Every structure is written in structure tokens, then in C-alpha cells.
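>>> after the sequence you'll find the predicted model.
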Amino acid sequence: MEEKEKKDIFESVWKFLASVKLAIFVLITLAVSSIVGTIVEQKAEPAQNIALLAKFFGDSAAPTVYNIFAKLGFMDMYGSWWFTAFLVVFSINLIVCSIDRFPKTWRLIQTPQKPLSDTAIKSMPVKKELTLKTGVNVARDEFLNILKASRYRVFEASEPDSVRLYTQKGKYARLAVYVVHLSIILIFIGAIIGIRFGFKGYLNLPEGRTSTIAYESPTKQIPLDFAVKCNWYDTQYYEGIDTPREFQSELVIIENGKEVLKKVIEVNDPLTYKGITFYQASYGMMPEAAGYFVLDVTPNGGQEKRLWLKNGDSFEIPGTGITGRIYDFSPALTRNPMTGKLTTYSDSMVNPGLAIEFDQPGRDKFIGWILKRYPDTGLIPGGHSVKFVDYWGVEYTGLQVAKDPGVWLIYIASVIMTVGLYVCFFVSNKKIWINIIDDNKSVNVIIGGSTNRNRLNFEQEIDRILSHATQAIEGRSNK
Amino acid sequence: MSSSIFFDISAGAYIVAMITYVIYLVVKNNTTGIIATTLTIFGFVSQSTALIIRWINSYHFWLSGNPTSGVIESLLRSAPLRNLYESLVFFIWSLILIHLFIEFKYKNRSLGAFVTPIAALALLFIDISGTSKEIQPLIPALQSNWLLFHVLLSFLGYAAFGVSFGAASAYLVMVTESKTEKTYIFWSIITSIFLIVLIGMGIDFLSLSTAERAELIQNHFLKTTLRSPSGGVAAISWVVSIAFMFVIWQVGHGLKKVLTGLNLTPIMLDEIAYKSIAVGFPLFTIGGLIMGAIWANSAWGKYWTWDPKETWSLITWFVYALYLHARFVAGWKGKRVAILAVVGFVAVIFTYLGVNLVLSGLHAYGSG
């Protein structure tokens, strides 16, 4: 008695977990609660959301409403216990309903197709009837040819004066929906693996510096088992405008004191070493850092020479007697259109300019601005050139550092889902029955069929089979 | 050669086609229907030409900024799917493509009267939102091979959802027995909101200077009317809007007689709505969600961050998943699923435009 009760409870719980009602409820709940999460800014400063709430609830009530919302987890909703719980219910529903329905589908696939009586075919969703002036065997051969040409595997049952052909295609397409469900579960598993065994961190690495750690938060460090060095960071711009063309950093992986990998990374082209990937995420200037001015100096017709100079340093253009002194620097030089004076319009290195005081024997000293983005500005009288390559050591590259051992599962699941969805919507299980009955120098053909998708296409296919067979048979009798 | 002349021709053709389709609904004259279809095809050819010219121009533009880039890479980077304007244009193109396909397959023109207005509204939106039509240099985040495929498939999906919206709307009108039915009231409210927002933006557009128009959506969205700083203007706008809703509710029912007079049946509309979703759902899942996630992972190391855009595309996905399950497993029929198809497209619009325009605006407003 008790056993039976237990079984009943189990069964009703199972039915509930497998029910489409639960699926509909969970889908609606997830959709609606997700909307809330896109309106209330997630993981934001309290003041921001209090200001937002004040618009709906008034200034005085807003802090109280905020506290209630915060307690309910709305401020970090997608990580809250109840949202996670809904995702768990969603997965359980998906798994249980798949397990619950699968055996039925499997039996449907495994049950062999049987020949049907004329009346049974006439009650099919799609059916046609016609009379052809030919014998049973000729009609049978032509229908077989046509069906085989459309890659149907045809079975037949013969009786003295009639033939029954029956065939089906795409029966395994009925499994596609389970494949799609499986892929969603695999994505969840992949995500869990990523959260459990991976990390998402960041690292702001100044030019020339090396690090053996990344950060998950300002207080939480992640040790790397190798060192990563930033050789340089650079923003390239489209010519003549301040739209960035590329953010680039040259990274070097150092292991046991040896350089093992070097790569220039950019957005959409990261560097991966030992499962840890470094993405170009941001950049910035280090306050009060003193860097080197990197210049390529070429005397007219002579060899190019690279110089590393500090603010105030002097240099000579080899073999010319011309000397230069670093005089001034601007990270973003422009000419004020109103006053005509040179000014700096940004703190970041949008248009770096270097003022050099040149001293040429027998001439007055003069100051020239050389712009990094416009190499022509470095041509000086006498055909010599001073190219401003970089102000090195003052910028840092902002790296996203991530390890995700679950991402491969996500990719595999994506492929599975793509295939599953395609089959699910575009491949149908089509069944066709054709009875050919002898009727005194002609035959009656009764054709019928069913499909689980794309009925319209299927009807056209049946029409095509009939017209092809008719033509072929008429062609024969005309010979 | 500039592509804009061909765009203008296609825009004109679509708008005239829309009017012709509506006339066709009323007069039921076959010649009128043929003219409407011809105009649509003409517009489509012209728009395709414009897209190709724009692609070629973008290709040269990209090469001028990136002289070392190879042919394939340059073609991928210069596909005309790179900003709001180009994506809207492509949405219209996809919508018309799917519409023409259905028209030929079902041999029925009536749906044109419901699909071409969506294209016309999108055209109107392009002009009054002040979105830039210039070919712009591609920022680093968009320099990926995923750009073309992700945007292409997403927008084909969006367009298929647009068609299902048109069919489901027509369905809801057709099966309405009386004006007090909840589903009919729902339909008239949704349709009114679409129109009110567009008319409101049109009024914004007319009241702004050319310079301000470029920031219409960011800074001036409905500020002339519903969100006017003057309480009186805002109040009047709301009253007018509600009155407008009432008018749509009154007039919309008249459509039913028109539709019934044509050989359009609720069964056919229901099937078109479903078929469009059956095409749109896989495209959107693969192109929008999966490719988007893979791209995000290769660019930022995170395939899912619950940012509003991702979340809204997931919400859209939930709604259409709901549609499919409600229809096939729970056995929902008729109006209930038609409403889901309408709700799904509202989610699409929000995913596409609302997130960029309203949500960020809401936050900017809230913090400032």
C-alpha cells in the first residue's frame, strides 16, 4: 500500500516536471524577470539605481524600494539564487520532458511501416486517386523508379491482382527536437565547467612591465604559471580623423626566464597560452610616468638610427652637425581654429606631438612640432628626417584575461544545436502508401501519405510523383 | 557612383507599392495587384543594386584605410551591415525578399498590404531617426569575420519575424468577432503604439535643427510631445495618443470585411505566421545568439555577459520558443499563438532598437 502511494507521488511529481505547462511557466518567468534585469542596471552603484527608482516611486520612497529590490537580488539578478533556481528548473524540465517523451518517439521510429488497405489510405491527410491504362506490373515499376529516384526505400506487398507499395523517409528527423534539447543542456554544462574551473580576470600592464598574476577583483589575484610582458601598446587611427583603426599590444610570454611566445594582439585577435587567453580590452595613460621618446633619425641619404631619449635630452643627426633637444610634448596636439594657437585637446594619446628645438650651425635655433601620426612633419630643412615613433613607457594595455575550459563544450553544443534546429524545422518524416489495383486492362492507383512538417511541400511532392508516373506510363504505351 | 539614388528609387517604389497593395485590398482588381507586385520587384532590384554599389564603395573605402588588407578580408569588412542605417536597409531588403517569396509560393498578394507597411515604417524610421548614412570607418571591435554572418543571419531572422508579425496581425483582425474582444484590443494597442512612436518621432524631427536631428534618439526622443518638459504639452500629447488608439480600435475592425472579401483565409495566415517563425527561429538562434556568443568570446573572452542586448535577444528567443512549444506541444491554437507572434516581434524591435535607444537613454537620464 505504502509502496503504491510512493509510486503515485513520484509519478505526479514526474508528470509535473515533464509538463509543457511548467515549460511555458518557466519560459514566461525567465523572459519577464530578464526584462527587469535590463532596466535596473546590474552591479551598478546604488545611487544610480536609486535615481532610476525615484522616477517611478518618488524621491522619498526610492531608497526603501531600492533596499527591498536589493534584498530580492534585483541588483545582481542573473547571479541571484532565485534566478539560478529558475535556470535549474528550466534544465530539469528540459531533461525530464525529453526522457518522458523519448520512448514514445523511439517506438514510433522503430515500428515498421505496414501496407494499408484502400480505405485506410483514403483517410490519410494527403490522398489522390487515378486510373491509368496499363498493367499492374508496369505501373508498379514506374512508381518504384520514381520513388527510388527521390531516394525512398520502397517496400512492397503483392497479391494476385494488386500491389501495395509503402515507404518513408526522414524518420530519424523526429529525434531532432531531442538533439536541440540536449545541446541546451550541454551549453549549461559548459557554462558550469567554465564557472567552476575557469576564471575571468583582467590585467593592466604598463609598457615594458612583466606580470605573473592577473586580477579577478582589486583584492583577488590569480597566479599565472608563467609571466606575461607588454613590449608596447599602440592605438592606430584612420588617416585624418580620430576614429581608432586598431588597438594593439605586443605581448611576450616568458617561462623559466625564456621567451616562449610573442604576438601582437588586437581586438578580435587574442593570444592564448596554456589555456589562458589575453584579450585586448582597453588602454590608458599612467599618471606621472616619465617615458622615453623614441625617434628614428635619418640624415639626407644616410642610415636611419633609432634613439631613446628622455625629456630635455639632446641628440645629433649623425654627420650633419644639427642637434636637437626635446623641448615639449603634447599627447593630443591641435591648432585652435579661433586663435590659431597650438593646444592639447585630450589627456590620452590621440595625436601625440613632440616639440624639438633644433640648432644648426650658422642658423637661428628653431622649434618644430613633429606629429607621430603625420610622419611628414618630421622633414626638416636639408632633407633630413626625424620620425617620432612612440612615447614609450607611459601607456598601459588593459587586458582581459580568461580561462574557460568549458568553452569547447559550448562550441560543440552550438554545432549540435545548429544541426538539430535545421533538421527539426526543415527535414520531415514523410510516409507514402501506393496501392495499385488491377481493373480490367487498366489500374486504379490510390496514393496517400502523411508528414509531420511542411504539408504544402509534401502535397506538391505527391502531385509530382503522380504526374511523373503518368507521363512515364503514357510514354511507354505510345512506343 | 553613389548608391543613394538607387536607395531613393527603391524607397519610393516600396511606398507606392504599399499604397497600391492597400488599394488592391479595397478594389480587389487583379491589375492593381500586378502593379503592386511589379513595383515591389522593381524596388527590390533597385535596392539590391544600391546594396552592391554601397558594398563596392565601402570596399574601396576600407582599402584606403587598410592598404595591406586582402580581397576576402576587405570584402568581409566592407559588407554593408556595419551600422544602424545599413542594418535597417538590409532589414527592409530581407523583409521584401521573404514577402516576394511568400507571394509567389502562396499565389496571394493580400499579405503585401501588411508587410510593405513594415518596410515603409522602417524607411520612415531611417529618415526621422537622423541616423548617419555615411560610409564610416570600421572600429576595431567590428573588425571580425563574424560581422557579416552574424548580422546577415540575424537580420534575415528579424525579417522573417517581421513577416510573421504581419501575418499574425492580419489573422487577429480576421478572426475578431467584436471590437470588445481582448485579442482585438491588444492588437489595436500594439499597432497604435508603433504608429504613435513613429508620429512622435516625426514631430521631433520637424521641430529640431539639422544638427540636433543626428541626436534625435539619444537626446530628443519624443521630447516634443509625450516626454515634453512642459507638463501641458505632455498631457495633451497623451490625451491625443489615447484618442488615436481609440480611432485605430474603431477603424481596424473595418479591415476585417476587406480581408474576408479577398481570398485570404485565417488558416493561410496562421500557416504563414508559423512558417516564417520556423524559418526565423533557427536563423536567429544560430546567427544571432550562437554566432554572437562565439564572436563575443573571441573578442572579449566572454560568450555571455547578460548585457541588455544579449538579454533581450534571449527574451526574444524565449518568446518564440514559447510560441513553438505552445503550438506543437501544448496544442494552443488561433488567437493565443497569434498574440505570441505579435509579442515576439515587439521583443525583436526592442532587442534591435529599444536596447540601444531607450535603455541606454534611460540610464543616461537616470544618472544625469
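Yep, it's here.

>>> who touches residue 75 in this structure?
In the absence of a named chain, this looks at chain A. Counting by CB atoms under 8 Å, 6 or more residues apart in numbering or on different chains, A:Met75 touches A:40, A:42-44, A:46, A:49, A:69. All C-beta spots, glycine's among them, are computed from the backbone N, C-alpha and C.

>>> my question was about chain B
Applying CB under 8 Å, 6+ apart, we find B:Leu75 in contact with B:55, B:59.

>>> now name the helix or strand holding it.
Here B:Leu75, judged by DSSP states H and E, is contained in helix B:71-78.

>>> what's across from the residue in the stretch 351-479 of chain A positioned nearest to chain B in the sheet?
Residue nearest to chain B within the stretch 351-479 of chain A: A:Ala402 (3.5 Å; CB to the nearest CB). Per DSSP bridges, the residues bridged to A:Ala402 are A:Lys200, A:Thr277.

>>> where's it relative to B:Trp146, distance?
Using CB to CB, to the nearest Å, A:Ala402 is found at 18 Å from B:Trp146.

>>> so how far is A:Thr105 from the closest residue to A:Cys424 other than its chain neighbours?
Leaving out its chain neighbours, the residue that sits closest to A:Cys424 by CB to CB, 6 or more residues apart in numbering or on different chains is A:Ala176, at 3.8 Å. Using CB to CB, A:Ala176 is found at 10 Å from A:Thr105.

>>> how far away from the center of its chain is the host helix or strand of A:Ala214?
According to DSSP H and E, A:Ala214 maps onto strand A:210-217. The chain centroid and the centroid of strand A:210-217 are separated by 26 Å, computed with CA atoms, centre = their mean, to the nearest Å.

>>> the next helix or strand after that strand: partners in the sheet, and parallel or antiparallel?
Heading C-terminal from strand A:210-217, the first helix or strand you meet, by DSSP H and E, is strand A:220-237. If you go by DSSP bridges, strand A:220-237 pairs up with strand A:210-217 (antiparallel), strand A:244-255 (antiparallel).

>>> so where's chain B shaky on pLDDT?
Applying pLDDT under 70 to chain B flags the ranges B:1, B:214, B:218, B:262-263, B:357-368.

>>> let's go with 50 and repeat that
Within chain B, the stretches with pLDDT under 50 are B:364-368.

>>> ok, back up a step: more neighbours, A:Ala402 and B:Trp146?
Here A:Ala402 and B:Trp146 are compared on neighbour count by other CB atoms under 10 Å in any protein chain shown; more neighbours surround A:Ala402, at 24 against 18.

>>> which segments of chain B make up each domain?
B:4-175+B:266-367, B:177-252 (automatic domain parsing).

>>> reformat those domains as a markdown table; add distance to A:Asn231.
Shown next, in a markdown table, are these (distance: least, CB to CB, whole Å):
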| stretch | distance to A:Asn231 |
| --- | --- |
| domain B:4-175+B:266-367 | 19 |
| domain B:177-252 | 39 |
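
>>> hey, which of those is tucked in deepest?
Mean neighbours per residue, mean count of other CB atoms under 10 Å in any protein chain shown, is largest over the domains of chain B for domain B:4-175+B:266-367, with a mean of 20.

>>> for the residue in the stretch 201-350 of chain B that chain A sits nearest to, which non-adjacent residue is spatially closest?
For the stretch 201-350 of chain B and chain A, the shortest gap (CB to the nearest CB) falls at B:Gly301, measuring 3.5 Å. Spatial nearest neighbour of B:Gly301, chain neighbours left out: A:Ala402 (3.5 Å); criterion: CB to CB, 6+ apart.

>>> around chain A, pick out the residues from the stretch 51-200 of chain B.
Counting by CB under 8 Å from any CB of the partner chain, the residues of the stretch 51-200 of chain B lying close to chain A are B:65-66, B:136-137, B:139-141, B:143-144.

>>> can I get the residues you listed in CSV with secondary structure?
Supplementary listing: these in CSV, determined by DSSP: H, G, I helix; E, B strand; the rest coil:
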residue, secondary structure
B:Gly65, helix
B:Asn66, coil
B:Gln136, coil
B:Pro137, coil
B:Ile139, coil
B:Pro140, helix
B:Ala141, helix
B:Gln143, coil
B:Ser144, coil
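
>>> nearest to B:Val26 among those?
The closest of those to B:Val26 turns out to be B:Gln136 (CB to CB; 43.2 Å).

>>> most distant residue from the middle of chain B?
B:Thr68 (36.9 Å; CA atoms, centre = their mean).

>>> before we move on, what SS does that one have?
Going by three-state DSSP: B:Thr68 is coil.

>>> tell me the contacts of B:Thr191?
Per CB under 8 Å, 6+ apart, neighbours of B:Thr191: B:169, B:248, B:252.

>>> could you look up the SS state of the first one?
Put plainly, it is B:Ser169. Quick answer, by three-state DSSP: B:Ser169 is helix.

>>> what's the distance between B:Leu353 and B:Ser129?
From B:Leu353 across to B:Ser129, the span is 9 Å (CB to CB).

>>> I meant A:Gly79, not that one.
Per CB to CB, A:Gly79 is found 35 Å from B:Ser129.

>>> quick one: B:Leu100 and B:Asn108, what's the gap?
12 Å.

>>> return the distance of the strand or helix carrying A:Phe458 from the chain's centre.
If you go by DSSP H and E, A:Phe458 is part of helix A:455-478. Centre-to-centre, helix A:455-478 and its host chain are 45 Å apart (CA atoms, centre = their mean).

>>> noted, bye for now.
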